[in-house]
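Trainee: could you look at this predicted model? Sequence included:
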Amino acid sequence: MGIGAPVAHPQVSDLRRARTSHKDPIVLYLGDHDASGVDIDRDMQAKLNRFDGAVEFRRVAILPEQIDAFNLPTRPPKKTDSRSKGWEGGCVEIDTLSGQQIRELLEAEIIGLIDPDAWERTQAIEAAERESLNNILERYRDDLEDIA
């Protein structure tokens with residue numbers, strides 16, 4: 001589920017649905033590294049706190065350490081943004097990351113959420129199911145070819 005600055009009603013209902021199914025949702029957020037971007041973090045956390053702290057909010061990008069790691073270009077704070085007063089350092093837009101970098105950051109975050117033992121069990125079950133289906137297909141392949 002992706003959400004931008006405001007939390008839209010359908011997305012809030014997705015969070016409610018997850019809570020009623022006894023899952024603790026995690027919101028992964030990618031945003032600008034500037035005063036407004038940080039304010040979005042604060043605002044989102046405040047909105048998500050309406051769920052009794054059951055929704056975890058994680059900023060995946062842009063983090064200060066990513067600016068150096070990815071050698072991202074910075075710009076000065078926008079003078080027209082009232083939240084920029086007192087902002088230290090440069091600002092970085094989310095679209096300075098490539099699509100590949102965004103995929104890698106999200107993939108690493110999601111993989112970090114997966115229980116490796118449960119993943120292996122699921123992979124083994126899926127492999128056994130595929131083998132079983134292939135055996136059934138082989139057993140009836142001639143009959144299926146006659147029908148086609």
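Mentor: Cool, the structure landed.

Trainee: in contact with the residue lying closest to residue 34 once chain neighbours are set aside: list those residues for me.
Mentor: Closest residue to residue 34 apart from its sequence neighbours, by C-beta to C-beta, 6 or more residues apart in numbering: residue 91 at 3.7 Å. Heads up, the C-betas are built off the backbone N, CA and C, glycines and all. The contact partners of residue 91, by C-beta atoms under 8 Å, 6 or more residues apart in numbering, come to 32-35, 74-78.

Trainee: report the beta-bridge partners for residue 91.
Mentor: Taking DSSP bridges as the rule, residue 91 bridges to residue 75.

Trainee: just the buried ones from the contacts of residue 91?
Mentor: Among those, the ones that count as buried by 16 or more other C-beta atoms under 10 Å are 32-35, 77.

Trainee: now do the phi/psi pair for residue 26.
Mentor: Dihedral angles phi and psi of residue 26 (degrees, to the nearest 10) take the values phi -120, psi 130.

Trainee: what about it, distance to residue 56?
Mentor: From residue 26 across to residue 56, the span is 5 Å (C-beta to C-beta, to the nearest Å).

Trainee: what do you get for residue 76?
Mentor: Look at residue 76 and residue 56: by C-beta to C-beta, they are 33 Å apart.

Trainee: kindly report the same for residue 78.
Mentor: Residue 78 is 30 Å from residue 56, by C-beta to C-beta.

Trainee: one more: residue 33?
Mentor: 21 Å.

Trainee: ranges for the helices of this protein?
Mentor: Along the chain, the segments classed as helices by DSSP state H run 9-20, 35-48, 64-69, 99-111, 116-147.

Trainee: dump the ones you listed into JSON lines; add mean pLDDT and distance to residue 82 as well.
Mentor: Converted to JSON lines, the helices of the chain look like this (pLDDT from 0 to 100; distance: least, C-beta to C-beta, whole Å):
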{"stretch": "helix 9-20", "mean pLDDT": "62", "distance to residue 82": "27"}
{"stretch": "helix 35-48", "mean pLDDT": "86", "distance to residue 82": "9"}
{"stretch": "helix 64-69", "mean pLDDT": "94", "distance to residue 82": "22"}
{"stretch": "helix 99-111", "mean pLDDT": "95", "distance to residue 82": "29"}
{"stretch": "helix 116-147", "mean pLDDT": "88", "distance to residue 82": "46"}
